[in-house]
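1. Quick check, what structure comes out for this input:
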Amino acid sequence: FGSSPLPGCIPAPPPGSCVRGGVPEAAEMAPPKGRTDVAAGKAMSAAQAAKAAQAKVSAEEARRKFTRIDAFEGLFDFLALDFACDVAWDGTVFKSARHAVLAAQFPTVAGDIAKATSVKEAEKATKGEHQVDDWDMLRLKAMEQILRDKFRRSDDFRKRLKETGERDLVWESEDEAFWGSFKGRGQNHLGRQLKELRGNILDDTELQTYLFLNCELESEEIRRPPVELEEQKLDAEGRVEQRKVHRLIGSGTFKLGKLPKCAVVAEHPSISREHAMIVHTRASIARRSGGLAIMDLGSKSGVCIGDRKLEHSWVMEPIRNGDVIKLGVSKRTYTVKMNLSAQIEALEQQQRELMREVEAIDADAANPVEAAKRAAKDEATVFVGSLDYETEKADMLILFQDCGHIEEVRFPGGEGKAARGICFVTFDSGMAARRAIGLNGESYKQRRVKVAPANEGQGGGKVREGGKGDFKGKGDGKGKADFKGKGDGKGKADFKGKGD
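-> All right, here's what the predicted structure looks like:
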């Protein structure tokens, strides 16, 4: 019959194939052409997605390369704790920041750690030792002080840290989850503190922050005794050839060096532009010396106290009344003289003021009705200054006629005129007093009048008739203002100095 099947007959299956229900299995299993295209499309899409994901990872790695520093090595090795460089902690200089951190954590063996020539040797010295109490609470502050000391000592370190710009700083470390981070896990406190330090360098506040944190700068002026440096130059026979007194008042720090802006300008060739700094400090190291210390600011020729040369720069050394300071190889000497009596007088005055306030509080507690009346009167009283000396009560009535009813006008000393240029005006209400304060700066009799609440007065301090101004205010009459103020009339100001 030939190879062609008869009409209406099913073709014979290929050899080796199986027939199910009259249909060859191969024909039953073959997918439709449309399904094959869909599967191929899905496979292609998956491959493209994988390729896109790989490209995204590569782009992220490239971005991180230029926006993040996570390997403190090579160009950035100076950021590492183990990098060998001088770092001071608690008055002792160590061989790396890691040494200093270990000394802060294990203070009982700080001396052995300072002698250790390597980090491994320093860590070995801490074996079996107990760390300081509350180390978990103290470690962040200790690390910040250590890092700030490290970078303050090196202009190069500060320059290189500044050049990292806005790049993220992450210390990748498997073993330091607190100070570093690994694969996104960890607190990275080292990187955070480095970024904060970098921010201070960029906004030029790094030195001032160092002074407050590391040197415990005394911020209360009343606790800073007035200091004088008596400069002397002797001739070949030991006689005084030149003599000058430098008064160091009004600041917590005073620089000595060649720059004109220094509190003490010294022009000898061996002296640096900023050679040394005298500091008023709350640190325990200077407690017995009246809170006064000196630091070498990294000079090449050094600083001497008497015949003893300071061993390290950027380490505070206490100085006492009568100590003699020498800069470089200059023959000039600077003898320290602290006016402790002026500081004691100021502190006693502050104590008297506080005692009066305590007595007033006790009196108010004993008679609350009178206290309320006095408070209402104080609220309704204003201080008026910069007046013409011929000003009378009638002038005050004219000046404040639109503010409210005036109950009383008082001139210091019970006089009938503003002989001292000031007076106190009491209104019938606090609202009227506030209206009067709105006239502050108005011109009256060709003078720009000052009007302020009576409890502020001049310079921000409380003002009383014939009394004294607070330490930062101005005194009137026979009063005086200490340190920052200046007295009117017979008053006086104690010391005027130049600070940095």
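2. Only C-alpha atoms from now on, for both contacts and neighbour counts.
-> OK.
3. Can you give me the pLDDT of the residue nearest to the spatial centre of the chain?
-> What sits nearest the mean C-alpha location of the chain, by Cα atoms, centre = their mean, is residue 209, with 3.7 Å. Turning to residue 209, the model gives it a pLDDT of 96.
4. dump the residue contacts of it.
-> Contacts for residue 209 (Cα atoms under 8 Å, 6 or more residues apart in numbering) come out as residue 200.
5. That one sits in which helix or strand?
-> Assigned by DSSP states H and E, residue 209 belongs to helix 206-213.
6. In the helix or strand that that helix is followed by, which residues are buried?
-> Tracing the chain past helix 206-213, the next element assigned as helix or strand by DSSP H and E is strand 227-234. Neighbour-count burial for strand 227-234 flags 227, 228, 229, 230, 231, 232, 233 (criterion: 16 or more other Cα atoms under 10 Å).
7. Can you give me the distance of the fifth one to residue 163?
-> Distance from residue 231 to residue 163, counting by Cα to Cα, to the nearest Å: 42 Å.
8. Would you agree residue 175 falls within a helix?
-> No. Under the criterion used here (DSSP: H, G, I helix; E, B strand; the rest coil), residue 175 is coil, not part of a helix.
9. Strands along the stretch 251-400 of the chain, start to end?
-> Taking DSSP state E, counting those that start in this stretch to define them, one finds strands in the stretch 251-400 of the chain at 253-257, 264-265, 276-280, 292-296, 303-305, 308-309, 317-318, 324-327, 333-338, 381-385.
10. closest one to residue 155 among these?
-> Nearest to residue 155 among the strands of the stretch 251-400 of the chain is strand 292-296 (15.0 Å), distances taken as Cα to Cα.
11. Centre of the chain to that closest one, how far?
-> Shown here is strand 292-296, whose average C-alpha point lies 20 Å from the average C-alpha point of the whole chain (Cα atoms, centre = their mean, to the nearest Å).
12. now stretch 435-447
-> Mean C-alpha position of stretch 435-447 versus that of the full chain (Cα atoms, centre = their mean) differs by 39 Å.
13. which parts of it are buried?
-> In stretch 435-447, counting by 16+ other Cα under 10 Å, buried: 436, 437, 439.
14. mean confidence score for that stretch?
-> If you average the per-residue pLDDT over stretch 435-447, you get 92.
15. which residues are contacting it?
-> Residues lying outside stretch 435-447 but in contact with it, judged by Cα under 8 Å, 6+ apart, are 382, 386-388, 399-400, 403, 448-453.
16. And those residues, which two are furthest apart?
-> The span of these, defined through Cα to Cα, is set by 388 and 403 at 20.9 Å.
17. and the angle from the helix holding residue 209 to strand 276-280?
-> 40 degrees (axes from the mean of the first three to the mean of the last three Cα atoms, to 10 degrees).
18. now helix 206-213 against strand 253-257, angle please.
-> Using the same axes, to 10 degrees, the direction of helix 206-213 lies 130 degrees away from that of strand 253-257.
19. now helix 206-213, how far from the centre of its chain.
-> Using Cα atoms, centre = their mean, the distance from the centre of helix 206-213 to the centre of the chain it belongs to is 6 Å.
20. which parts of it are buried?
-> When burial is assessed from 16+ other Cα under 10 Å, helix 206-213 yields the following buried residues: 206, 209, 210, 211, 213.
21. just stretch 328-336 next, same as before
-> In stretch 328-336, residues buried by neighbour count (16+ other Cα under 10 Å) are 328, 332, 333, 334, 335, 336.
22. Quick one: end-to-end length of that stretch, please.
-> Start and end residues of stretch 328-336 are separated by 17 Å (Cα to Cα).
23. Now the buried residues of stretch 328-336 in a markdown table, please, with extra columns for distance to residue 304 and pLDDT.
-> Shown next, in a markdown table, are the buried residues of stretch 328-336 (distance: Cα to Cα, whole Å; pLDDT from 0 to 100):
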| residue | distance to residue 304 | pLDDT |
| --- | --- | --- |
| 328 | 8 | 95 |
| 332 | 12 | 93 |
| 333 | 10 | 95 |
| 334 | 10 | 97 |
| 335 | 12 | 96 |
| 336 | 13 | 95 |
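24. and which of the buried residues of stretch 435-447 is nearest residue 407?
-> Each of the buried residues of stretch 435-447 was scored against residue 407 by Cα to Cα, and residue 436 proved nearest at 13.5 Å.
25. Ramachandran coordinates for that closest one?
-> The phi/psi pair for residue 436 (degrees, to the nearest 10) reads phi -60, psi -40.
26. got it, and residue 49?
-> With angles defined as degrees, to the nearest 10, residue 49 shows backbone torsions of phi -60, psi -40.
27. Break down the stretch 401-500 of the chain into its strands, ranges please.
-> When assigned using DSSP E, counting those that start in this stretch, the strands of the stretch 401-500 of the chain occupy the ranges 406-410, 423-427, 443-444, 447-448, 450-453, 481-482, 493-494.
28. Might you calculate how far stretch 285-299 sits from the centre of the chain?
-> Counting by Cα atoms, centre = their mean, stretch 285-299 comes out at 20 Å from the chain centroid.
29. Buried residues of that stretch, list them for me.
-> Of the residues in stretch 285-299, 285, 286, 290, 291, 292, 293, 294, 295, 296, 297, 298, 299 count as buried by neighbour count, 16+ other Cα under 10 Å.
30. now do stretch 358-373
-> Under 16+ other Cα under 10 Å, the buried positions of stretch 358-373 are 364, 371.
31. cool, and stretch 417-434?
-> When neighbours are counted by 16+ other Cα under 10 Å, the buried residues of stretch 417-434 are found to be 417-430, 432-434.
32. Give me the nearest residue to residue 189, chain neighbours excluded.
-> Using Cα to Cα, 6 or more residues apart in numbering and skipping residues adjacent in sequence, the residue nearest residue 189 is residue 179, 4.6 Å away.
33. what sits against residue 230?
-> By Cα under 8 Å, 6+ apart, the contact set of residue 230 is 243, 244, 245, 246, 333, 334, 335, 336, 337.
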